[in-house]
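> I would like the atomic coordinates for the input below:
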Amino acid sequence: MIRQEQLAQVIDAQQDIFLNKSAQLIRDSLASIPIVESYATIISGIRRCGKSTLLLQLLKKKYKHALYFNFEDIRLAGFEVGDFSRLQQEIDKRQYRVLFFDEIQLTEKWEIFVHQLLREQYTVFITGSNASLLSRELGTHLTGRHLSMELFPFSFKEYISYKNLKADKESLHSYLEDGGLPEYVNYQEPLILQNLMEDILVRDISVRHGIRDIGSLKQLTVYLISNIGCPVSANKLNGMFGIKSSTTFLEYFNYLRDAYLVEFLPQFSYSLKAQARNPKKIYTIDNGFLSVASSFTENLGRKLENLIYQQLRRKYKEIYYFTDKGECDFLAFIKGKIHKAIQVCYQIDDLNFDREYNGLLEALRFFKLQEGLIITLDQKDVFEQDGFIIKMIPAYEYLAAGE
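Numbers count the residues shown, from 1 in each chain. The predicted model follows:
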């Protein structure tokens with residue numbers, strides 16, 4: 001239980017810090033935040049990707065008077081369901097009608113409180129770093145009363161804007177190594193990434209899901225991030241890292257995905273059973289994490305592939321890889337209809353051209369898609385065959401265009 005006076009002090013302290021925080025680079029996502037009267041707006045994304053900064057930018061753009069309240073505050077460690085009524089009193093006393101709640105899913109029955117606020121015509125914005133927890137509670141009490149969006153680390157466009165760079169091979173290489181987590185981009189301190197991964201694995205996964213063997217979870221995470229772009233199967237990993245059950249592996253995969261740390265790309269199939277059964281390729285939401293996995297330091301081709309996945313992930317909800325005789329790295333769909341086929345290769349040469357070209361062409365023929373892309377570091381070309389067009393373009397051009 002939190003005393004009324006203590007709660008008021010926390011609100012005032014948080015509000016002062018929030019309002020005096022630098023708004024920094026205006027995020028591209030600011031223009032696409034969904035806002036509808038009597039609906040809660042949910043913004044989810046990995047820790048430290050800039051969600052609270054986005055709220056500050058929204059406040060300065062659209063609202064003159066709003067409450068920011070972060071539930072992940074050590075002074076709120078004893079917050080209980082009954083304390084929501086005290087929070088409501090503080091909201092009323094300050095006459096706020098626009099409310100920004102950060103990491104509210106850490107408290108029980110939060111969705112009932114939010115639902116009550118919506119009935120009373122408050123404007124509510126919620127941020128959180130766990131996709132599953134947010135969606136599960138929202139589905140039970142806020143069905144039809146919430147709009148969701150995801151926030152990601154800096155895109156390439158945002159990265160070069162923040163660092164005042166040109167879109168070229170050199171800036172792409174920097175982004176390839178740095179990733180887009182704002183604090184790391186700003187300070188270039190590797191401990192920021194290490195501590196962030198530790199926070200995610202311990203606080204968001206181990207503590208929340210009651211995992212005692214944190215060592216095995218860490219080993220699995222480093223292994224996955226060290227093998228981005230490679231297929232993985234829970235059955236084939238069975239027995240590794242001291243984990244003896246494929247069911248446990250699948251649970252860990254889900255926890256890592258929900259925390260936005262590791263993602264799993266399915267192989268395309270018209271059969272949902274085949275999609276679930278086939279190995280999935282591993283990617284991570286930010287290239288900065290690749291530096292934590294030391295064995296990955298020199299594989300620039302995989303790093304570039306991971307960047308292109310991230311860009312597609314920002315734009316598309318349905319992404320697959322394609323395998324038949326050859327392989328195509330990415331297929332992007334919109335409402336079940338093929339929209340893009342993309343191959344990624346750091347450097348095209350005589351040894352790999354046929355493999356990359358024919359794998360993409362095979363996918364174009366399969367889906368009757370007229371045009372495809374091969375994205376490279378800095379090569380450019382156009383090929384035509386049997387009515388199909390394949391464009392080879394530099395990654396910095398593709399990413400700078402925002403796709």
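
> Any idea how many residues pack against residue 161?
By other CB atoms under 10 Å, 15 other residues sit near residue 161. The C-beta positions use only the backbone N, C-alpha and C, and glycine is treated the same way.

> CA-only coordinates of the host helix or strand of residue 100 in CSV, if you can.
For residue 100, the element it lies in under DSSP states H and E is strand 98-102. Taking Å, rounded to 0.1, in the frame of the first residue of the first chain, the C-alpha atoms of strand 98-102 are listed here in CSV:
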residue,chain,number,x,y,z
VAL,A,98,-4.8,13.3,-20.5
LEU,A,99,-2.9,10.4,-18.9
PHE,A,100,0.4,8.8,-19.9
PHE,A,101,1.1,5.5,-18.1
ASP,A,102,4.5,3.8,-18.4
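
> Adjacent strands (with direction) for it?
strand 67-70 (parallel), strand 123-128 (parallel) (DSSP bridges).

> So, low pLDDT: which residues of the protein?
132-141, 294-298, 403 (pLDDT under 70).

> tell me the domain boundaries of it?
By the assignment in automatic domain parsing, the chain contains the domains 4-150, 156-400.

> returning to what we had before: so which of the strands paired with strand 98-102 is the most packed in?
strand 123-128 (a mean of 24; mean count of other CB atoms under 10 Å).

> now it, how far from the centre of its chain.
Distance of strand 123-128 from the chain centroid (CA atoms, centre = their mean, to the nearest Å) equals 17 Å.

> Now do the end-to-end distance for stretch 11-27.
For stretch 11-27, the first-to-last residue distance is 26 Å (CA to CA, to the nearest Å).

> which parts of it are buried?
11, 14, 15, 18, 25, 27 (16 or more other CB atoms under 10 Å).

> what's the answer for stretch 49-60, then?
Buried residues in stretch 49-60 (16+ other CB under 10 Å): 49, 50, 51, 52, 53, 54, 55, 56, 57, 58, 59.

> wait, which of these is closest to residue 285?
Proximity of these to residue 285 (CB to CB) peaks at residue 49, which lies at 8.2 Å.

> Tell me the secondary structure at that closest one.
Following DSSP: H, G, I helix; E, B strand; the rest coil, residue 49 is assigned to coil.

> ok, now which ones touch it?
By CB atoms under 8 Å, 6 or more residues apart in numbering, the contact list for residue 49 reads 151, 152, 153, 181, 182, 260, 286.

> count of residues packed around the fourth one?
Here the neighbour count serves as a burial measure; for residue 181 (other CB under 10 Å) it reads 24.

> How about it, nearest residue that isn't a chain neighbour?
Of all residues beyond its chain neighbours, the one nearest residue 181 is residue 153 (4.8 Å), with distances taken as CB to CB, 6 or more residues apart in numbering.

> From residue 36, how far off is the one you found?
27 Å (CB to CB, to the nearest Å).

> Wait, a helix at residue 330?
No. Assigned with three-state DSSP, residue 330 falls outside any helix and is strand.

> Next, give phi and psi for the residue nearest to it when sequence neighbours are not counted.
Distances taken as CB to CB, 6+ apart place residue 342 nearest to residue 330, at 4.4 Å, with adjacent residues excluded. For residue 342, the backbone dihedrals (degrees, to the nearest 10) come out as phi -130, psi 130.

> Kindly report the same for residue 82.
When quoted as degrees, to the nearest 10, the phi and psi of residue 82 stand at phi -60, psi -20.

> Leaving out sequence neighbours, find the closest residue to it.
What sits nearest to residue 82 in space, not counting adjacent residues and going by CB to CB, 6+ apart, is residue 1, at 6.6 Å.

> again, but for residue 331
Among residues not flanking residue 331 along the chain, residue 320 sits closest, at 4.7 Å (CB to CB, 6+ apart).

> State the helix or strand in which that neighbour lies.
strand 318-323.

> Look up how far residue 71 lies from the spatially closest residue to residue 301 that is not a sequence neighbour.
In this structure, residue 301 finds its nearest non-sequential neighbour in residue 346, 3.9 Å apart by CB to CB, 6+ apart. In this view, residue 346 and residue 71 are 43 Å apart by CB to CB.
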